[in-house]
Every structure is written in structure tokens, then in C-alpha cells.
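Student: Would you be able to build a 3D model of this:
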Amino acid sequence: MLSESLVWLILFAPLAAFVIIGFVIRPLMRLVIPVAAQEHGDDSTHSAHGRSILGGSAGILAIIAIGVAFVLSIVALFGSIDNHGDSPYIAHDWLTVGNLEFTIGILMDPLTTIMLVVVTSVSLLVQIYSVGYMSHEDDRGYARYYAYMSLFSASMIGLVLASNIVQLFAFWELVGLSSYLLIGFWFTRPSAAAAAKKAFIVTRIGDFGLLLGIMYLFFHQDAFTAAGLNSLDIVDIYAAVDAKIIAGGVATWIAAGIFAGAVGKSGQFPLHTWLPDAMEGPTPVSALIHAATMVAAGVFLVARFFPVFEASETMMNVIILIGGFTALFAATMGLVATDIKRVLAYSTVSQLGYMMLALGVGAYSVAIFHLFTHAFFKALLFLGSGSVNHASGTFDMRYMGGLRKVMPITYASFVIGGISLAGILPFAGGWSKDEVLTAAWNGAGAIPAIGFWMALLAAGMTGFYIFRAIILTFHGDFRKGADAEGIEDTHGAEVHLKESPIAMVFPLILLSIAAVGIGFVVNPLFDLGIVPQHWFGHFLGQGPVHVEIEDFNVVLAPIAMLVSISGIVLAFLMYQTKVVSAEQLGARFKPVYILLVRKYYFDELYEDIIVRRFFYGGVARTLDWIDGSIINNIGKFIGWLGANVGTALRQLQTGQTQEYGAAISIGILTIVGLYLWFL
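Tutor: Numbering: from 1, shown residues only. Here you go, the predicted model:
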């Protein structure tokens, strides 16, 4: 097992990279670059094609740091396997408030080690890819980008390692801050600035619920103390569930607060609106947010406190319904999206719904397995969309087409990612998606059945919209890309119809390999020798949560795959052979089509009605009336009262000594009389 100092290095390596890039390298650029530019007579030292030593060092440092974290994470995983999932590290005291101790520590259980590998591996590949994708940025922007990416990765690593809920919440908020900085990276674009603010504000709604859950735990410390436990320590929270300290209504309220935070971060209904808009950030940022960091944090949060949720049947049913509905709801919007990154964003929301559904039916290991496979094929798809943008200058699929001829590696990798997303066996997503459906099918009662049918219908839609994106992007003839008339999303980009550079293609190849085989390799149906049967589930079962292994359903798996293939076939009929006219179908069902294009009018509901009319209108007008009619009048009344009291008291100041003496005498006699009366 890794020494504790090396485990902390997994966190502090990228964190140190952020500090050095942000507070050393970037300030030096302000001094060095103007002088160098003046000597060369231009700005070549910090242009896209003439990266300075300082500029290049920012990317190299960030990649080395996350590379170190990745290697240590792999070592930690094998150490945890040898240690049978037990966490050997002891928390360190920080401060004491009454009978409550605040600690800082590491919880290295199977869930932690798996998440560390996911976060660091995807982050490493994304940052290597970014060398090519962000090559157009000047040195200062390039360094700022890598500083933010390092902070983002470190925040997620800190969240995963946290041994208590306060430590977890601190890194949870850092993840939110990092996403705000990266989504709004191109802050001079109004759309990017608005998207960053939207993401920050919407997720704060969920975070408020998480904070209430933490406070509920804090105020139950007396019950924990009586049992020798700490209400903020995660392992002690598990023990409190076993001791029935957290049960019934208490478990429901705590779980509700925690789940509110997860709904916000993972873009679940009804706090889903920020996630599609988050596409305004650089594409590698989108890949990291959607694959391994921010949105995965919500699923991780529910998994981390899964024993609390298990203690509340009410919350388990709520998770099933929200997860199943979100999977279907988001898939419907992906059917009509024309921006390739938004298609992938809706697919993320939908797949996160699958993970929540699995958690709701009690399939803890299945949810994490789907999170694991999803991280790789979703990162592959987003980085593929960035490669497409690099060539065509746009993300609008209506202006793409024909790119498979000039971008064969990107095309092949995108198809692999699409097949995995559609859940076709033997690709990685097929194994994990089928396990989610099997778990829902095996669930007892009507609510798991509802979740199953929603997820199955979403599977057919997933096959349709991802292959619609593949056909529109890569098949047919090229439709001018950024050079097309009327296109709005180019931001000055140019068309360069060729395969992306090696820095971008290399991560696509590695992720393609993972998207094909990693699902079966880590969780095989039979013993592979080195990897035992159902290794993934058995390893997670060594942690604090009891895991039931879902056997491969030989009846359900072909049915689910047939549903997905039906969606794929329909996409080919509509957009490849055009036997079915997409335009005529849209015209025939125009109200439904408009409803989907307008995203069910949730943006209008939240922004126009709730925010502008209710808060800006009703609440603001009410507060204005209170300020004008009550607060101002109170101030006026106090002034009037002071003036009149002063006038009255001034009448008593006559200047006559005999009157003062008489008043003093009366006062003394009154006090003496009261004393004698009550004696």
C-alpha cells in the first residue's frame, strides 16, 4: 500500500502545478513577453505558432503533474486490492468545537481507488490532447488554461480522497469554482460568460441542499457522541447507519439534502439546464466535465453516502424516478439538437440518469461500473467533436458532412465511441448499460419497473441520436463548415480539412481501445486468469457497501441491444438513405418538434418567469415597497420622535435653581417611599 505522503501527492501534484503556473509562470510572462516581443519587433514569442519557453512550460508542468498523479493512482489501486479494500490511513485532528472534532484525512476504499484512476487517466489524456487543441491561444491564455485544468483535476481528486463530509464539501465547492472558470474561459464571449454564471448559480441551488444535509448531521452530534462516533466522519456515518442512529425520517432528510447536491452537479431533472450551455467552454473542458469530474461528482456523492440512502426507502424510490425520467427526458432533446457538443451533453445527462437509476434500485456496483465505462467513451466522443471542430471550424452538424474521407482516425474513433454509447455489445458501454437495465428489471415493485421502461426507451433514442450525429458529421458531402453563409458559432475559426495533429489523435486512439474492451476486461463474465469473474463488482463489495452481482441476462441483453439497433437503423433510414424524410416527419409533428427544440421551455420558465417575473418582478417590487413604505417611514418616525422628545425635554431646562431642587427632592422622596412600601 502507498505511504500516506505519496497518497497526498496524488492531490498536491496537480495542485502545485496550479500554484506554480498561476502565481509564478503567468506573472513572469507579464515581465518577459513584452521585452521579448519588443526585441523581435512582433508578438511571435507568444503566438500560436511560436510558443515561448514559459508558455510551453505551463502545459508540460501540468501534464507531468497529472501524469505523476495517474501513476500513483494505479499503484494505490493495486495496493487497495492487496489490502482487500481496507483503508489504512488515520485522520488528523484539525480543530475541536465542543464535543465535535474536525479532522483531515484520506478514505482509501475501493470506490476511492477506482475514481482516482478514472479522474487521473482521463485528465491526463485530455491535457495531452489540449496541447494541440489550444495551440491557437497566446501564451498567457495557454498558461491560464492549464492552471485552471490543474485546479479542476486537483479539486476532483480532493473530493474523492476526503474522509469527512466537511473536507468533501470544501473540494466540492472547488470543483464548482473550477468549472466556472473553465466554462467561462473565453470570457470575452457573452455566451461563455453567461453559461459560466448559469452553471455556477444553478449548481448552488443543489449545493444549498447539500449544506442543509451536512447541518442536519451536525445538529445530531449528541446521538453520535453517545455512541462514540463523529457525525462528520464518513466511516462513522456508515457506523451510525448500522447502529440505527441514522434511520427512518432522519435518514430521509439527510439523504434528501445530499441528493439535492448530486442533482445539481450531475445535471439531473430539474436542475439540468446548465449542462448543455456549459458547452461554451473549450472542448477538452467539456470532455473533462462530462467524463471524469464535475458531473461524475454527483453520482460519486450518492455512492459515497449510499448506506444513508439505503436506510430510506423513500429516497431510493425518488432516485429511481428522477434517474429514469432524466435518462428519457434528456434523450428526447438529443434527438433534435444540431450542435454536436450539445448532442453529447444531452447524452451525458441521460447516461447520468442511468447511473442514478442503478443506485436507486440498490445496484451500487453497477452504477459505478457504468460511470467507469462512460468516462472513457464519453471523453472519446467529446475529444472527437473537438477534432471535427478543428477541421471544419464549427460544431453545427448542418454545415459538416463528408469528414470521414479526410479524418479517418477521428471518424473511426467517433464511431467506436458512438457504438459504446448506444450500448452495443461487446463494446464497453454495452456491458454496463445492460447491467443497469438488468438491475432495474430485477427490482421489486412498480417503481423499479417504471424506471426500467423509461431507461429501455431511452436506449433506443440514444442509438438514434448518436448515429444521426455520426451521419450528419462524417457522411455525405462537406457543407462548407465555417465558410457557410449564416453560420454563427465559428468565432473567427477557419476550415482546415485534414486529420488533427498527433497530440490530438493519440488520446483518441487510447480512448478508443478503452471504449472497445475495458468493460469486459474489468468485469468479465468468466474467469480470465489475471482478472477473475465479475472482478469489478467483487472489489467494490470489499468496501462498506454490500454488493450483489448482477448476472448476465441472456434474454434481456439481446432485447435491449435490439432496441438500440432499431434506433440506429432509423437514423440511417432518415439521414443516410433518406427513405424516411426527417423534414416531413418534423413538419407532421411540428408541435412536438418545437417543444424539443425549445428544450421543453425550461429556460424560459426559469429565466423569464421565475427569475425575471417572480424574483426581479414580484420579490423586487415587494422589497422596494417595504423599503419605501416601511423602512423609510420608520426612519422618519425615529427622527420625528427624537425631535419632539428633545423639544419636550428642553421645556424642563428652565435655569431656575429652586425648580431643580424641588425635582430632586421629589425624586428622592419617591425612591424612599417605594423602598419603604416594598420593605
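Student: count of neighbours near Pro507?
Tutor: When neighbours are defined as other Cβ atoms under 10 Å, Pro507 has 27 of them. Every C-beta, even on glycine, is put in place using the N, C-alpha and C of the backbone.
Student: Can we start the residue count at 377 from this point?
Tutor: Done: numbering now begins at 377, and the last item shifts to Pro883.
Student: Verify the contact between it and Tyr505 for me.
Tutor: Yes: at 4.4 Å, Pro883 counts as touching Tyr505 under the criterion of Cβ atoms under 8 Å.
Student: Look at Leu1050 and tell me its secondary structure.
Tutor: Secondary structure state of Leu1050, per DSSP: H, G, I helix; E, B strand; the rest coil, is helix.
Student: Likewise for Phe478?
Tutor: strand.
Student: quick one: it from Phe584, how far?
Tutor: Taking Cβ to Cβ, to the nearest Å as the measure, Phe478 falls 21 Å from Phe584.
Student: now the helices: where do they sit in the stretch 527-676 of the chain?
Tutor: Remark: helices assigned in the stretch 527-676 of the chain by DSSP state H, counting those that start in this stretch are 541-559, 566-594, 597-602, 610-618, 624-641, 650-653, 659-667, 670-680.
Student: want to try a markdown table for the ones you listed, with mean pLDDT as columns?
Tutor: Below are those laid out as a markdown table (pLDDT from 0 to 100):
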| stretch | mean pLDDT |
| --- | --- |
| helix 541-559 | 92 |
| helix 566-594 | 90 |
| helix 597-602 | 87 |
| helix 610-618 | 92 |
| helix 624-641 | 93 |
| helix 650-653 | 86 |
| helix 659-667 | 89 |
| helix 670-680 | 91 |
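Student: now for those helices, which one comes closest to Gly760?
Tutor: Closest approach to Gly760 among those (Cβ to Cβ): helix 659-667, 9.4 Å.
Student: Remind me what the closest one packs against, helices and strands.
Tutor: Secondary-structure packing of helix 659-667 (3 or more Cβ pairs under 8 Å, 6 or more residues apart in numbering; DSSP states H and E): helix 486-509, helix 515-537, helix 541-559, helix 716-736, helix 740-768.
Student: Now render those as a markdown table, adding distance to Ala638.
Tutor: A markdown table is the format used below for these (distance: least, Cβ to Cβ, whole Å):
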| stretch | distance to Ala638 |
| --- | --- |
| helix 486-509 | 14 |
| helix 515-537 | 12 |
| helix 541-559 | 10 |
| helix 716-736 | 8 |
| helix 740-768 | 12 |
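Student: Give me the nearest residue to Val451, chain neighbours excluded.
Tutor: Nearest non-adjacent residue to Val451, counting by Cβ to Cβ, 6 or more residues apart in numbering: Leu378, 5.7 Å away.
Student: Relative to Ser768, how far out is that neighbour?
Tutor: In terms of Cβ to Cβ, Leu378 sits 45 Å off from Ser768.
Student: For the two, work out which one has more neighbours and name it.
Tutor: Of the pair Leu378 and Ser768, Ser768 is the one with more neighbours under other Cβ under 10 Å, namely 32 against 21.
Student: Settle this for me: that one is touching Gly778, isn't it.
Tutor: No: look at Ser768 against Gly778 with Cβ under 8 Å: they stay out of range, at 9.8 Å.
Student: Report the set of residues contacting both of these two.
Tutor: Residues touching both Ser768 and Gly778 (Cβ atoms under 8 Å, 6 or more residues apart in numbering): Phe854.
Student: got the buried residues for stretch 547-566?
Tutor: Neighbour counts over stretch 547-566 (16 or more other Cβ atoms under 10 Å) mark 547-552, 554-562 as buried.
Student: how far is it from where the chain is centred?
Tutor: From the chain centre to the centre of stretch 547-566 is a distance of 12 Å (Cα atoms, centre = their mean, to the nearest Å).
Student: export it as PDB, just CAs?
Tutor: Presented in PDB, the C-alpha positions along stretch 547-566 are these (Å, rounded to 0.1, in the frame of the first residue of the first chain):
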ATOM      1  CA  PHE A 547     -13.400  20.300  -2.500                       C
ATOM      2  CA  TRP A 548     -17.000  20.000  -3.800                       C
ATOM      3  CA  GLU A 549     -17.200  23.800  -4.000                       C
ATOM      4  CA  LEU A 550     -13.700  24.000  -5.500                       C
ATOM      5  CA  VAL A 551     -15.000  21.700  -8.300                       C
ATOM      6  CA  GLY A 552     -17.800  24.200  -8.900                       C
ATOM      7  CA  LEU A 553     -15.400  27.200  -8.900                       C
ATOM      8  CA  SER A 554     -13.000  25.400 -11.300                       C
ATOM      9  CA  SER A 555     -15.900  24.600 -13.700                       C
ATOM     10  CA  TYR A 556     -17.000  28.300 -13.600                       C
ATOM     11  CA  LEU A 557     -13.500  29.400 -14.600                       C
ATOM     12  CA  LEU A 558     -13.200  26.900 -17.400                       C
ATOM     13  CA  ILE A 559     -16.700  27.200 -18.800                       C
ATOM     14  CA  GLY A 560     -16.200  30.900 -19.000                       C
ATOM     15  CA  PHE A 561     -12.600  30.600 -20.200                       C
ATOM     16  CA  TRP A 562     -13.300  32.700 -23.300                       C
ATOM     17  CA  PHE A 563     -15.000  35.300 -21.000                       C
ATOM     18  CA  THR A 564     -15.000  38.000 -23.800                       C
ATOM     19  CA  ARG A 565     -17.800  36.000 -25.500                       C
ATOM     20  CA  PRO A 566     -21.100  37.000 -23.800                       C
END
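Student: circling back: pretty sure the residue nearest to Val451 contacts Gly455?
Tutor: Yes: shown here, Leu378 and Gly455 form a contact pair, counting by Cβ under 8 Å, at 5.4 Å.
Student: wait, what's in contact with Val684?
Tutor: 613, 617, 622, 627, 630-631, 634.
Student: Quick check: the two most widely separated of those?
Tutor: Farthest pair in the contacts of Val684 (Cβ to Cβ) is Val617 and Ile634. Separation: 12.8 Å.
Student: Neighbour count for those two, which is higher?
Tutor: Between Val617 and Ile634, counted using other Cβ under 10 Å, the more crowded position is Ile634 (27 against 21).
Student: The more buried one contacts Phe676, doesn't it?
Tutor: No: counting by Cβ under 8 Å, Ile634 stays clear of Phe676, with 11.3 Å between them.
Student: burial measure for His666, as a count.
Tutor: The burial count for His666: 30, using other Cβ under 10 Å.
Student: oh sorry, the question was meant for Phe978
Tutor: Using other Cβ under 10 Å, Phe978 has 15 neighbouring residues.
Student: Now for it: which residues touch it?
Tutor: 646, 648-649.
Student: Are we agreed that it is in a strand?
Tutor: No: Phe978: not assigned to a strand; according to three-state DSSP it is helix.
Student: And it, what's its pLDDT?
Tutor: pLDDT recorded at Phe978 is 86.
Student: Likewise for the one 5 residues further on?
Tutor: Glu983 carries a pLDDT score of 78 in this model.
Student: Distance of it relative to Asp653?
Tutor: Here Glu983 is placed at a distance of 11 Å from Asp653 (Cβ to Cβ).
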